[in-house]
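K.L.:
Could you work out the structure for the sequence below:
(chains A and B)
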Amino acid sequence: MNFVRRHMTWFTTPALIFVFLVAWDLYCRWSGIHPFIVPRPGDVVMQYGKLLQLKSLWNHTYITVYETLVGFFFACIIGIGGGALLGKIQWLEETLRPFVIATQVIPKIALVSLFILWFGFGSEPKILVSTILAFFPILTNTLLGVKSVDLGHKDVMKSLNASRWQTFSLLELRSALPAIIAGLEVGIVLAYIGAIVGEFAGGTQGLGYLTLEYQNQLNAPGLFGILIQLTLIGFVLYLAIIVIRRALIPWHESVLVERPQPLA
Amino acid sequence: MNVDQPAVAVADEIELVGIEKRFQTADGVVHAVATTNINVRQREFVVLLGPSGCGKTTILRMIAGLLQPSAGEVRVARRNLWNGGQRDKVALQELGIVFQEANLFPWFSIEDNVALPLKLRGVGRRERLEKARALCDLVAIKGFEKRWPRELSGGMRQRAAIARALSYDPEILLMDEPFGALDAMTRDTMNLEIQRIWMSQKSTVVFVTHSIGEAVFLADRIILLSPRPGRISSVTEVSFPRPRQMAIQTMPEFQAIVRTLREQLEAMG
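P.N.:
Here you go, the predicted model:
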């Protein structure tokens, strides 16, 4: 029983995908919809297979992943560094809060044009959009995490006469890690979206650009193919964060697979 | 030296000289502890007993160096605890504290929690873990060294917290209602355990509780505190031989002390 429950998703996920594909195929056959608008799943898979053989697809994929990761990297530095700093210094947080929020309420898509004007059609504006989109959840989560350190834990460190650095590295940072990682999970997805949105706006490289080109060519099966590629890459990026979570906070409720057994 | 002679008077382990505590709150100044003198002898087991709001935890936190008294002197292990707003490092090393909550760090295994004070002192990992293993044995949680705190029951977590407080061999153990969050049966067991540990470690204990039975069972001396502001109401010597068994609770002498203390507590209203 326990075994079945624990490994259930290994069966349910493929089963649900299969049901979805069958429904899609039946719809295409019976509704008589033009394959140009909604191609049949078999055709899409074939198209995706063809796409995979294109050397340029991997080039575009590489560019998008590169922009996402670099953007995410800067977002981590700003988010974790800034969040820890603002969490420790109350007046700084109050002073900077309106500006941080301003970066989020601006429609970021409008910024892209400006960045292209400044930096041209290379990777830089995409990385910038990616960073701006991704740093916010990382920063707010780090801030929250650093601020919500348990008072009893603080008493322990104080009674042991721990230094400020010891208190930060052994208590505050570790206690904030689950919140920081929750921020990273949202952040990586936003960094990815940022890169693709940036590519939509201009340039000649990346999966976002390729999408735009297929749209201009009215290549619906090609668009579906890219959609698959985009989804798979997104999954890989997200999974990377899950792996990091397991490595960094093995003690946390979100990671422990076994239910805690009351011992004695 | 003649063994039969009483020991030469040693300076007291803890001396509270005219300490007082006022808190600044939104509704004005709260007088938490009125001018109080308390002396605790070496190897003595002193219990601070009183209703909530009597300042017993405040007094303990002042001994622990977690709160600075508004007036008066705190001397721990024959040293002034406070010197111009700074806490005396040597005095702090003689204090081990157990809180009401175990306050174990969930990101450390039990042994790393127990060895945390040694890590802060720069003791090497091998030596730390050796000591942690010996302490886990002492507090009877052997075999759980590698577990996460969340995998242990409340009583076992509190045992680990006691081991952590003992890790650097402090002369004094301060305990703030350490078993208040435990069920009655576990609590009885823990009271026997703390007596055993205290006798084996030869340390001095200040123990805060609001349970009369617990106080009489554990204490050499019970200091009863009354509230608003906190002050000493009475001092009771308890001289049952050690080690005490749970059965002493049924003795008429035991119950007489409990009754007297209960009457005093009820008189406070």
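
K.L.:
Check the burial of the closest residue to chain B within chain A by counting its neighbours.
P.N.:
In chain A, no residue comes nearer to chain B than residue A:152, which is 4.1 Å away by Cβ to the nearest Cβ. To be clear about C-beta, it is placed using only N, CA and C from the backbone, and glycine gets the same treatment. Using other Cβ atoms under 10 Å in any protein chain shown, residue A:152 has 13 other residues around it.

K.L.:
Now do the strands in chain B.
P.N.:
Assignment of strands within chain B using DSSP state E yields the ranges B:14-25, B:28-40, B:45-49, B:71-76, B:79-80, B:82-83, B:86-87, B:95-98, B:172-176, B:204-209, B:221-226, B:231-237.

K.L.:
Next, see if the fifth one gets close to chain A.
P.N.:
Right, the one you point to is strand B:79-80. No - judged by Cβ under 8 Å from any Cβ of the partner chain, strand B:79-80 makes no contact with chain A; its nearest approach is 13.9 Å.

K.L.:
Format the strands of chain B as CSV; extra columns: mean neighbour count.
P.N.:
Below are those laid out as CSV (neighbours: other Cβ atoms under 10 Å in any protein chain shown):
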stretch, mean neighbour count
strand B:14-25, 17
strand B:28-40, 16
strand B:45-49, 25
strand B:71-76, 20
strand B:79-80, 14
strand B:82-83, 14
strand B:86-87, 14
strand B:95-98, 26
strand B:172-176, 24
strand B:204-209, 25
strand B:221-226, 22
strand B:231-237, 14
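
K.L.:
ok, which residues in the stretch 151-269 of chain B are in contact with chain A?
P.N.:
Counting by Cβ under 8 Å from any Cβ, the stretch 151-269 of chain B sits next to chain A at B:151, B:152, B:153, B:155, B:156.

K.L.:
Show me where chain A has its helices.
P.N.:
A:2-6, A:9-31, A:41-53, A:55-76, A:82-88, A:90-105, A:108-119, A:124-147, A:151-159, A:164-166, A:173-201, A:207-216, A:220-248 (DSSP state H).

K.L.:
by how many degrees do the second one and helix A:41-53 diverge?
P.N.:
This means helix A:9-31. Interaxial angle of helix A:9-31 relative to helix A:41-53 (axes from the mean of the first three to the mean of the last three Cα atoms, to 10 degrees): 110 degrees.

K.L.:
swap in the last one?
P.N.:
Between the axes of helix A:220-248 and helix A:41-53, defined by the same axes, to 10 degrees, the angle is 70 degrees.

K.L.:
and the gap between residue B:218 and chain A?
P.N.:
Using Cβ to the nearest Cβ, to the nearest Å, we find residue B:218 at a distance of 22 Å from chain A.

K.L.:
Run through the residues that contact the residue nearest to residue B:103 when sequence neighbours are not counted.
P.N.:
Using Cβ to Cβ, 6 or more residues apart in numbering or on different chains and skipping residues adjacent in sequence, the residue nearest residue B:103 is residue A:152, 4.1 Å away. Taking Cβ atoms under 8 Å, 6 or more residues apart in numbering or on different chains as the contact definition, residue A:152 lies against B:99, B:101, B:103.

K.L.:
would a markdown table of the residues of the stretch 151-269 of chain B next to chain A with pLDDT be doable?
P.N.:
A markdown table is the format used below for these (pLDDT from 0 to 100):
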| residue | pLDDT |
| --- | --- |
| B:151 | 89 |
| B:152 | 90 |
| B:153 | 89 |
| B:155 | 88 |
| B:156 | 90 |
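
K.L.:
What subset of the residues you listed is buried?
P.N.:
B:151, B:152, B:155, B:156 (16 or more other Cβ atoms under 10 Å in any protein chain shown).

K.L.:
between those, which is nearest chain A?
P.N.:
Nearest member of these to chain A, counting by Cβ to the nearest Cβ, is residue B:151, at 4.9 Å.

K.L.:
Look at the closest residue to residue A:33 other than its chain neighbours and report its pLDDT.
P.N.:
Using Cβ to Cβ, 6+ apart and skipping residues adjacent in sequence, the residue nearest residue A:33 is residue A:27, 7.5 Å away. Reported pLDDT at residue A:27 in the predicted model: 92.

K.L.:
number of nearby residues for residue A:27?
P.N.:
13.

K.L.:
ok, now residue A:26?
P.N.:
By other Cβ under 10 Å, neighbour count at residue A:26 equals 11.

K.L.:
Could you do the one 5 residues further on as well?
P.N.:
Residue A:31 is surrounded by 9 other residues when neighbours are defined as other Cβ under 10 Å.

K.L.:
Over to residue B:183?
P.N.:
Neighbour tally, residue B:183, other Cβ under 10 Å: 11.

K.L.:
ok, now how distant is it from residue B:52?
P.N.:
20 Å (Cβ to Cβ, to the nearest Å).

K.L.:
need the contact list for the residue nearest in space to the middle of chain A.
P.N.:
With distances taken as Cα atoms, centre = their mean, the residue of chain A nearest its centroid is residue A:189 (1.8 Å). Contact partners of residue A:189, counting by Cβ under 8 Å, 6+ apart, are A:234, A:237, A:238.

K.L.:
go on, residue B:63?
P.N.:
Contacts of residue B:63 (Cβ under 8 Å, 6+ apart): B:14, B:16, B:74, B:76, B:81, B:95, B:172, B:174, B:206.

K.L.:
likewise residue B:56?
P.N.:
Residues in contact with residue B:56 (Cβ under 8 Å, 6+ apart) are B:48, B:49, B:50, B:208, B:210, B:225, B:230.
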